[in-house]
Every structure is written in C-alpha cells, then in structure tokens.
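# Predicted structure and sequence below. I'll ask about it afterward.
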Amino acid sequence: MDDQIRMATFRAIYGTPELNRYAHQAIPPIHIIVNNGRIALEGAVANDFDRILAYDKALQVPGAFAVTNHLRIEP
C-alpha cells in the first residue's frame, strides 16, 4: 500500500506544472517517504509557494493518513 501512495504522491507533485521543473533533475529534490500510510516530504525547493503547493498536492492523495512537510527553502 505504501508503494501505491508513494507513486500517487509522486504523480500528484511532479505532475503539477509549477512543480514539474523539479522532476527533470538527476535527483529530484522533493523526497517522498511513506510509512504506514503517512507521507513525509523531505528536501529543498526554491520558494515558499512551491513548498506549500507540494504539501497541498500530497494532502489530496487518496489512502494517505497524514502528511508531514519537512521541505525547506533553498538559500
């Protein structure tokens, strides 16, 4: 179940036009960790808008119990 949630979260975040630019990097900076249906977002994004948008998209993933946003803004 966690793998399905992880893939759905990946598609929800990186499928968003505003966040798609992060998907084209060798190692995408938004790391999605799922444990027992709970999503944790780790890594760094360019601005607060991207941070909030990624969190919002993760909240909409069916089957997820909770989302924790540990994304930080790149200096």
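It's in. Numbers count the residues shown, from 1 in each chain.
# OK, contacts around the closest residue to Phe49 other than its chain neighbours?
Setting aside the residues directly before and after it, Phe49 is nearest to Glu18 in space (Cβ to Cβ, 6 or more residues apart in numbering), at 7.6 Å. Every C-beta, even on glycine, is put in place using the N, C-alpha and C of the backbone. If you count contacts by Cβ atoms under 8 Å, 6 or more residues apart in numbering, Glu18 has them with 49-50, 53.
# most surrounded residue in those?
Greatest neighbour count in those, by other Cβ atoms under 10 Å, goes to Asp50: 22 neighbours.
# How is that one assigned, secondary-structure-wise?
helix (DSSP: H, G, I helix; E, B strand; the rest coil).
# I'd like the distance between the nearest residue to it once chain neighbours are set aside and Asn36.
The spatial neighbour of Asp50 that comes closest, neighbours along the chain excluded (Cβ to Cβ, 6+ apart), is Leu19 at 6.2 Å. Distance, Leu19 to Asn36, using Cβ to Cβ, to the nearest Å: 25 Å.
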